[in-house]
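**Q** what's the 3D shape of this:
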Amino acid sequence: MERNHMGALQLDREELTRLQELLSKEPLRIVLLAHTNPDGDAVGSALAWAHQLERLGHTVHLIAPNKYPYFLDWMPRIGEVIIHRQEPERAERLAEEADVIFCMDFNGIARLEALGEAIERNTSAVRVLIDHHLQPSEPYHIRFSHPESSSTAFLVYTLILELFGREYLTREIAECLYVGMMTDTGNFSFSFLTPALYRAVADLAETGIDIPTLHNSVYNAYSPQRARLFGYVIHRKMKFLKHNTVAYMSLTEEEMRRYYFQQGDSEGFVNYPLTVGKMKMSAMFLQHHTFIRISLRSRGDVDVNLFARRYFEGGGHKNAAGGKSYLSMEETIEKFKAAVEEFAAEGGLKGGSNNG
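**A** Numbers count the residues shown, from 1 in each chain. Okay, the predicted model is just below:
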């Protein structure tokens, strides 16, 4: 493989042709969808793609099931994102009337919760998947499913280059794509850090984006309450299993209210235990009204995608996945402990740490 192509995504030519033909039609009504609890990659990739589609003359709306984290409030045109929980009738009407529906950064309509019902009612729209998660759960008319991509933003960057050319990377698009790439790689510290990814960053930087400002806007813009919440979680709620190779943390609704929790305040918490030398897997349990949301992270060959699918109706990536539990917090934690024991007995925790 040539050096210049190391880590580059190999997009299906037939799918590219189908997408190009679709987008060359008369102005279309297009809806872009982001998953529940949209993160930097979901928001960044969708905003960038929306901007590109509008330049082609299409009418584009971006819909998310619920609010994005407050530290993304500054992103270009983010105020145009339609939040289903805030405007359900408008969001559902647009979804039902759309000619084309793009699913951005998620692999199944179930990730949309209540908004998914409106999507299912629109049986005439062309559905297009642009995602980097494993095992898409339903068919799509056009599909760009690339688990080998570090982020959906990197996939969108590749699509723009393949379909339109590097000259279409405006500063506004570059800012959105950089946020997606940065956040889904832990500030370029894990997940498919290929030469092609860094060449993409160089392309984005050439548009004139201010990388230090983008970093500070995302990672250094939390509230004082979030800082206190983080201290509480690490000091009081972080527990260790299996000789300090597995950790878990939990937050109840009462604890979140105590610290004036906002969407996004727990971002990154689940990664912190992986700073411990022998750590192989980390879990975070967040209590919602009717279920507990579970985030999982791991090192090396410890496959939390497999763990999430087997025990918590979830999935994701090998080293970053999520799931749900409809049990109480106490029962969920006990189930997690038992699952860890079984997973470890089967060899699932081998080869995960840096220090044995």
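
**Q** which residue ranges of the stretch 151-300 of the chain form helices?
**A** Assigned by DSSP state H, counting those that start in this stretch, the stretch 151-300 of the chain shows helices spanning 152-163, 171-184, 195-205, 211-219, 224-232, 253-258.

**Q** report the buried residues of the helix or strand harbouring E117.
**A** Secondary structure assignment for E117, by DSSP states H and E: helix 115-121. Judged by neighbour count (16 or more other C-beta atoms under 10 Å), helix 115-121 contains these buried residues: L115, G116, A118, I119. (Glycine included, C-beta is placed from N, CA and C.)

**Q** pLDDT of the next helix or strand after it, averaged?
**A** Remark: after helix 115-121, the chain's next helix or strand is strand 126-131, criterion DSSP H and E. In this model, strand 126-131 has an average pLDDT of 96.

**Q** ok, stretch 194-213 next?
**A** 97.

**Q** who touches that stretch?
**A** 3-9, 150, 154, 157-158, 166, 169-171, 173-175, 177-178, 181, 185, 188 (C-beta atoms under 8 Å, 6 or more residues apart in numbering).

**Q** rerun that using 7 Å as the cut-off
**A** Under the criterion C-beta atoms under 7 Å, 6 or more residues apart in numbering, residues 6-8, 150, 154, 157, 166, 169-171, 174-175, 177-178, 181 lie in contact with stretch 194-213.

**Q** follow-up on the earlier one: let me have the helices of the stretch 151-300 of the chain in CSV, extended by mean neighbour count and distance to P69.
**A** Output for the helices of the stretch 151-300 of the chain, formatted as CSV (neighbours: other C-beta atoms under 10 Å; distance: least, C-beta to C-beta, whole Å):
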stretch, mean neighbour count, distance to P69
helix 152-163, 24, 16
helix 171-184, 25, 10
helix 195-205, 17, 21
helix 211-219, 14, 9
helix 224-232, 15, 10
helix 253-258, 13, 14
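
**Q** which residue is the nearest non-sequential neighbour of E80?
**A** L62 (6.7 Å; C-beta to C-beta, 6 or more residues apart in numbering).

**Q** let me see the contact set for that neighbour.
**A** L32, A34, A46, L47, A50, E80, V81, I82 are the contacts of L62 under C-beta under 7 Å, 6+ apart.

**Q** nearest to S298, out of the helices of the stretch 151-300 of the chain?
**A** helix 171-184 (15.7 Å; C-beta to C-beta).

**Q** angle of that closest one against helix 195-205?
**A** 140 degrees (axes from the mean of the first three to the mean of the last three C-alpha atoms, to 10 degrees).

**Q** and helix 171-184, what other elements does it pack with?
**A** Secondary-structure packing of helix 171-184 (3 or more C-beta pairs under 7 Å, 6 or more residues apart in numbering; DSSP states H and E): helix 40-55, helix 152-163, helix 195-205, helix 211-219.

**Q** could you export the ones you listed as a markdown table, including distance to R13?
**A** Formatted as a markdown table, those follow (distance: least, C-beta to C-beta, whole Å):
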| stretch | distance to R13 |
| --- | --- |
| helix 40-55 | 20 |
| helix 152-163 | 9 |
| helix 195-205 | 18 |
| helix 211-219 | 33 |
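
**Q** which one of those helices lies closest to Q263?
**A** Taking these one by one with C-beta to C-beta, helix 40-55 is closest: 11.9 Å.

**Q** CA atoms of that closest one as CSV?
**A** Extracted C-alpha coordinates of helix 40-55, given in CSV (Å, rounded to 0.1, in the frame of the first residue of the first chain):
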residue,chain,number,x,y,z
GLY,A,40,-19.3,15.9,19.2
ASP,A,41,-19.0,13.4,16.3
ALA,A,42,-22.7,13.2,15.7
VAL,A,43,-23.2,16.9,15.8
GLY,A,44,-20.0,17.8,14.0
SER,A,45,-20.4,15.3,11.1
ALA,A,46,-24.1,16.2,10.6
LEU,A,47,-23.5,20.0,10.6
ALA,A,48,-20.7,19.6,8.1
TRP,A,49,-22.7,17.4,5.8
ALA,A,50,-25.8,19.6,6.1
HIS,A,51,-23.7,22.6,5.0
GLN,A,52,-22.4,20.7,2.0
LEU,A,53,-25.9,19.5,1.0
GLU,A,54,-27.2,23.1,1.2
ARG,A,55,-24.5,24.2,-1.1
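
**Q** quick check: buried residues in it?
**A** 40-53.

**Q** closest to K280 among the residues you listed?
**A** Using C-beta to C-beta, the buried residues of helix 40-55 come closest to K280 at D41, 24.5 Å.

**Q** just checking, that closest one touches S151?
**A** Yes: in this structure, D41 is within contact of S151 by C-beta atoms under 7 Å, at 4.8 Å.

**Q** which neighbours do those two have in common?
**A** Going by C-beta under 7 Å, 6+ apart, residues that sit against D41 and also against S151 are G180, D184.

**Q** can you give me the neighbour number for T275?
**A** 8 (other C-beta atoms under 10 Å).

**Q** same check on Q135?
**A** Neighbour tally, Q135, other C-beta under 10 Å: 12.

**Q** so where is this structure shaky, pLDDT-wise?
**A** 1-6, 351-356 (pLDDT under 70).
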